[in-house]
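Student: fold the following, please.
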Amino acid sequence: MASSSGNDDDLTIPRAAINKMIKETLPNVRVANDARELVVNCCTEFIHLISSEANEICNKSEKKTISPEHVIQALESLGFGSYISEVKEVLQECKTVALKRRKASSRLENLGIPEEELLRQQQELFAKVSQ
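Tutor: Have a look, this model is predicted:
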């Protein structure tokens with residue numbers, strides 16, 4: 001990948017993550033170190049390509065934030081349309097996980113007890129424990 005800024009050389013996927021994916025995908029196959037390095041470079045280039053295209057689509061639609069729809073459009077325009085159904089499934093899974101996290105974090109808010117009261121109760125418990 002040609003780099004105009006020099007900083008692009010530092011932007012790679014962690015090798016440990018790639019090694020883990022390779023082992024999970026191909027558990028009984030040995031992969032040479034230079035082949036692993038090539039996979040890292042291909043992944044980095046693919047991400048750069050998709051994100052650049054998604055950014056162009058985002059700019060054309062006069063938006064300031066790249067959305068999942070921009071990424072999906074980028075995949076289509078670059079000839080990766082066959083991945084779109086799987087990408088949409090992963091996107092839905094991510095939304096489901098994010099929703100579960102939001103619900104878990106709002107449980108405290110849903111108790112209906114003011115934060116000040118919870119802090120007071122916490123201090124009482126600490127006082128009992130330290131006696």
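Student: can you tell me the helix or strand for the nearest residue to Leu11 once chain neighbours are set aside?
Tutor: Closest residue to Leu11 apart from its sequence neighbours, by Cβ to Cβ, 6 or more residues apart in numbering: Thr44 at 6.7 Å. Heads up, the C-betas are built off the backbone N, CA and C, glycines and all. Element membership for Thr44, per DSSP states H and E: helix 33-60.
Student: which elements pack onto that helix?
Tutor: If contacts are counted by 3 or more Cβ pairs under 8 Å, 6 or more residues apart in numbering; DSSP states H and E, helix 33-60 sits against helix 15-25, helix 68-77.
Student: residues of it that come out buried?
Tutor: 39-40, 44, 50, 53-54, 57-58 (16 or more other Cβ atoms under 10 Å).
Student: what's the farthest-apart pair in the residues you listed?
Tutor: Greatest spatial distance among the buried residues of helix 33-60 (Cβ to Cβ): Val39 and Cys58, at 28.0 Å.
Student: using CSV, write down the CA coordinates of the helix or strand containing Arg120.
Tutor: Per DSSP H and E, Arg120 falls inside helix 115-130. Output in CSV follows, covering the C-alpha atoms of helix 115-130 (Å, rounded to 0.1, in the frame of the first residue of the first chain):
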residue,chain,number,x,y,z
GLU,A,115,-28.5,8.2,43.2
GLU,A,116,-28.1,10.1,46.4
GLU,A,117,-30.1,7.5,48.3
LEU,A,118,-28.0,4.7,46.8
LEU,A,119,-24.8,6.4,47.9
ARG,A,120,-26.2,6.9,51.4
GLN,A,121,-27.1,3.2,51.6
GLN,A,122,-23.7,2.3,50.3
GLN,A,123,-22.0,4.4,53.0
GLU,A,124,-24.2,2.7,55.6
LEU,A,125,-23.0,-0.7,54.4
PHE,A,126,-19.4,0.4,54.4
ALA,A,127,-19.8,1.6,58.0
LYS,A,128,-21.3,-1.7,59.1
VAL,A,129,-18.5,-3.7,57.5
SER,A,130,-15.8,-1.5,59.1
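Student: sweet, I'm off.
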